[in-house]
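**Q** Structure here, sequence nowhere to be found:
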């Protein structure tokens, strides 16, 4: 458990601005926010006192634009200081920041703009300006003004004309705020807030339809932060590498709210593709990644290990078996024997730590994942380095984590036990229900009212299927809406089958299809880096698309599917598959911004291919 810093009141009655004041008073000189300046190779850092000063000035700038208490302001920026500081500035005004995914389709942007009733949007640059400008003339939206952080060189005409008075720059806003800042007005504004007030509205990523606006309060967030702080062991003021979108509840908690709660340091990584390089440089003590991130990192490590001499690979494999044995003892709640402890210490010092140092992971004390079921094979892979990925579970509606594994108790493959203040139960059909003060009030309606998310007794039906074991650990099966029901009436978890298929290193992504059918088929995507390494060892050259068509690769994937089927029951087995040549991603629409499958989109995009597999 990390040290709980001075609480300026009951955590359930505090607001985020009260904690920012605490940080400025008690830890003003400590580093708070770091980012790479556009014209520099190093990191620029400001402390907590400087953060609060800038937040105050920005709040004055937003007030000058007419931002009112209680109104939603939309943000579409990457992980940059303007985004982070604006979020806190709006909260101090009593306004409600809501981040929109940068990969959102025009229709989703329009839906959020109309539904939220926002009059102001703050966007990053010309690309975003071009997507938002048409909404200024949209009869269904109330959008009146756009603020642009990186204005186009030719002015606001990029993407189409912008009405006069409806466009401004972030630099102008910040300068105006510095000029108008009034300390008394700033303090008076944030002190009007109550713990039950809305802190943010988080729009879901829209896996099954239009995004829904989840209303989250200061109390939801700070009680969740308190519970997480009790479950996680971290050094004081531990740094966090922030690279996931702020539109996702996980990064909102990890990258904004928890750092304010813990007075810790945030490193903003504007380019998610640079996270591996940033980790190598910073050597963080904590790292969070959704399953796809851990899968990609594992694939990269496997590819590097495959290039080692045979003797070195054998040493890594032996060290990995020792590390897994050590982890297995810990998860059983047993103390490793003196002999195992000595072997593990030697393997860690001589083999594992030098390898982890190359990735910047040698200082890690807390690693976690959430958002989707973690493939067991990936968990076991990292356990071979002594890294226990503390899988957690929760939803936007639970302000993030509802259950988590922790160093004091974990089961690989489970998503842990409920955090303090959260109750978990399963309905007769296996749907997981939760109750607690961290559960949101509900969903924002277009008229500004809130539709409750819970029943009369406070239980929230999550839409996930799972079970709770005798020791209180929660095990997920799948999303209720995604369960496949075959024509014979058998229920199949697609995630279970997909994760089994992905145990082969060449298969990076998979979608299983078969609802209402007599058997399952699958769409498979090569994992580019391992596929290239596998091909090179066999003297095969070509792009990923060319490899996907190569007979030797096709034969290997056929063997991989057969191996997966051998571990699945008859109903779960894949009878036919197609190997695709292009990776799925958020930009092309197959994945959500949090890297979960958009099954409906994939089934529509590859509908003819799926039908052909049933017609064979």
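**A** On my side now, so go ahead. As the structure is a computational prediction, the values presented were derived from the model and not from experiment.

**Q** tell me what the top helix by length along the chain is packed against?
**A** Counting by DSSP state H, the longest helix found in the chain is helix 310-331. If contacts are counted by 3 or more CB pairs under 8 Å, 6 or more residues apart in numbering; DSSP states H and E, helix 310-331 sits against helix 291-306, helix 338-347, helix 376-383. (C-beta placed from N, C-alpha, C; glycine too.)

**Q** can you rerun that using 6 Å?
**A** helix 338-347 (3 or more CB pairs under 6 Å, 6 or more residues apart in numbering; DSSP states H and E).

**Q** in the longest helix of the chain, what counts as buried?
**A** For helix 310-331, a neighbour-count test (16 or more other CB atoms under 10 Å) marks 316, 319, 320, 322, 323, 324, 325, 326, 327, 329, 330, 331 as buried.

**Q** what are the ranges of the helices in the stretch 351-500 of the chain?
**A** Taking DSSP state H, counting those that start in this stretch as the criterion, the stretch 351-500 of the chain carries its helices at 353-359, 376-383, 494-501.

**Q** Need the contact partners of the shortest one.
**A** For helix 353-359, the surrounding residues in contact (CB atoms under 6 Å, 6 or more residues apart in numbering) are residue 362.

**Q** 10 Å instead, please
**A** The contact list for helix 353-359 (CB atoms under 10 Å, 6 or more residues apart in numbering) reads 276, 279-280, 283, 297, 300-301, 304-305, 308, 312, 316, 319, 347-348, 361-364, 385-387.

**Q** Could you give the average pLDDT over it?
**A** Helix 353-359 shows a mean pLDDT of 92.

**Q** For that helix, what is the distance to the chain centroid?
**A** Relative to its parent chain, helix 353-359 has a centroid offset of 24 Å by CA atoms, centre = their mean, to the nearest Å.

**Q** Buried residues in it, which are they?
**A** By neighbour count on 16+ other CB under 10 Å, the buried set for helix 353-359 is 353, 355, 356, 359.

**Q** The second one now?
**A** When neighbours are counted by 16+ other CB under 10 Å, the buried residues of helix 376-383 are found to be 378, 379, 381, 382, 383.

**Q** Name all residues that make contact with the last one.
**A** Residue 383 makes contacts with 320, 323, 324, 325, 326, 327, 328, 330, 331, 389, 412, as judged by CB under 10 Å, 6+ apart.

**Q** Hmm, residue 77 is touching residue 99, no?
**A** Yes. Between residue 77 and residue 99 a contact is recorded at 7.9 Å, counting by CB atoms under 10 Å.

**Q** Pull up the overlap in contacts between the two.
**A** In contact with both residue 77 and residue 99: 83, 86, 87, 122, 245, 246, using CB under 10 Å, 6+ apart.

**Q** Pick out whichever of these sits closest to residue 103.
**A** Nearest to residue 103 out of those is residue 245 (CB to CB; 8.2 Å).

**Q** Now for the closest one, how many residues are close by?
**A** Neighbour count of residue 245, defined by other CB atoms under 10 Å: 24.

**Q** low-confidence ranges in the stretch 201-350 of the chain?
**A** 206-209 (pLDDT under 70).

**Q** Correction: the previous question concerned the stretch 51-200 of the chain.
**A** Applying pLDDT under 70 to the stretch 51-200 of the chain flags residues 155-162, 164.

**Q** quick one, helices of it?
**A** For the stretch 51-200 of the chain, helices defined by DSSP H, counting those that start in this stretch occupy the ranges 81-93, 106-116, 126-132, 170-180, 183-190.

**Q** The longest one relative to helix 183-190, how many degrees between them?
**A** Spelled out, it's helix 81-93. Orientation check (axes from the mean of the first three to the mean of the last three CA atoms, to 10 degrees): helix 81-93 against helix 183-190 gives 80 degrees.

**Q** and the angle for helix 81-93 with helix 170-180?
**A** Angular relation of helix 81-93 and helix 170-180 on a 0 to 180 degree scale: 40 degrees, by the same axes, to 10 degrees.

**Q** starting at the chain centroid, how far to helix 81-93?
**A** Relative to its chain's centre, helix 81-93 lies at 20 Å (CA atoms, centre = their mean).

**Q** cool, and stretch 511-521?
**A** With CA atoms, centre = their mean as the basis, stretch 511-521 stands 29 Å off its chain's centre.

**Q** For that stretch, could you pull out the residues that count as buried?
**A** Applying 16+ other CB under 10 Å to stretch 511-521 flags 511, 512, 513, 514, 515, 517, 519, 520, 521 as buried.

**Q** Just grab the bridge partners of the last one for me.
**A** Looking back up the chat, that one is residue 521. Residues in a beta bridge with residue 521, per DSSP bridges, are residue 513, residue 576.

**Q** what's the domain layout of the chain?
**A** Listed by automatic domain parsing, the domain ranges of the chain are 11-193+232-280, 288-438+456-477, 483-615.

**Q** burial count for residue 74?
**A** The number of residues packed near residue 74 is 25, by other CB under 10 Å.

**Q** how many neighbours does the closest residue in space to residue 529 that isn't next to it in sequence have?
**A** Distances taken as CB to CB, 6 or more residues apart in numbering put residue 303 closest to residue 529, at 4.7 Å, once the chain neighbours are dropped. By other CB under 10 Å, 19 other residues sit near residue 303.

**Q** right, and residue 303 touches residue 506 too?
**A** No. Judged on CB under 10 Å, residue 303 makes no contact with residue 506 at a distance of 11.2 Å.

**Q** and for those two, which residues touch both?
**A** 527, 528, 530, 531, 533, 534.

**Q** Report the secondary structure element holding the third one.
**A** According to DSSP states H and E, residue 530 maps onto helix 528-537.

**Q** In terms of secondary structure, what does that helix contact?
**A** Judged by 3 or more CB pairs under 10 Å, 6 or more residues apart in numbering; DSSP states H and E, helix 528-537 is in contact with helix 291-306, strand 507-513, strand 520-526, helix 544-549, helix 551-566.

**Q** what is the orientation angle of the first one with helix 494-501?
**A** Same thing as helix 291-306. 10 degrees.

**Q** looking at it, residue 508 is touching residue 502, isn't it?
**A** Yes. Using CB under 10 Å, residue 508 makes contact with residue 502 at a distance of 7.1 Å.

**Q** Which neighbours do these two have in common?
**A** Residues touching both residue 508 and residue 502 (CB under 10 Å, 6+ apart): 295, 524, 525, 527.

**Q** For the residue lying closest to the first one once chain neighbours are set aside, give me the pLDDT.
**A** Nearest non-adjacent residue to residue 295, counting by CB to CB, 6+ apart: residue 378, 5.5 Å away. pLDDT recorded at residue 378 is 90.

**Q** Roughly how far does residue 378 sit from residue 298?
**A** Using CB to CB, to the nearest Å, we find residue 378 at a distance of 5 Å from residue 298.

**Q** Now for residue 17: which residues touch it?
**A** When contacts are counted by CB under 10 Å, 6+ apart, residue 17 touches 52, 55, 59, 88, 91-94, 186-187, 189-191, 193, 218, 260.

**Q** In terms of helices and strands, where is it?
**A** Residue 17 belongs to helix 16-27, assigned by DSSP H and E.

**Q** buried residues in that helix?
**A** Buried residues in helix 16-27, counted by 16+ other CB under 10 Å: 16, 17, 18, 19, 20, 21, 22, 23, 24, 27.

**Q** Residue 239 is in contact with residue 258, correct?
**A** No. Between residue 258 and residue 239 there is no contact under CB under 10 Å: 11.9 Å.

**Q** Hmm, residue 267 and residue 255 touching each other?
**A** Yes. Using CB under 10 Å, residue 255 is in contact with residue 267, at 9.5 Å.

**Q** what is in contact with the two at once?
**A** Counting by CB under 10 Å, 6+ apart, the shared contacts of residue 255 and residue 267 are 79, 240, 241, 242, 243.

**Q** Kindly reformat these as JSON lines containing distance to residue 464, secondary structure and neighbour count.
**A** Converted to JSON lines, those look like this (distance: CB to CB, whole Å; DSSP: H, G, I helix; E, B strand; the rest coil; neighbours: other CB atoms under 10 Å):
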{"residue": "79", "distance to residue 464": "28", "secondary structure": "coil", "neighbour count": "22"}
{"residue": "240", "distance to residue 464": "26", "secondary structure": "strand", "neighbour count": "23"}
{"residue": "241", "distance to residue 464": "28", "secondary structure": "strand", "neighbour count": "26"}
{"residue": "242", "distance to residue 464": "26", "secondary structure": "strand", "neighbour count": "25"}
{"residue": "243", "distance to residue 464": "25", "secondary structure": "coil", "neighbour count": "25"}
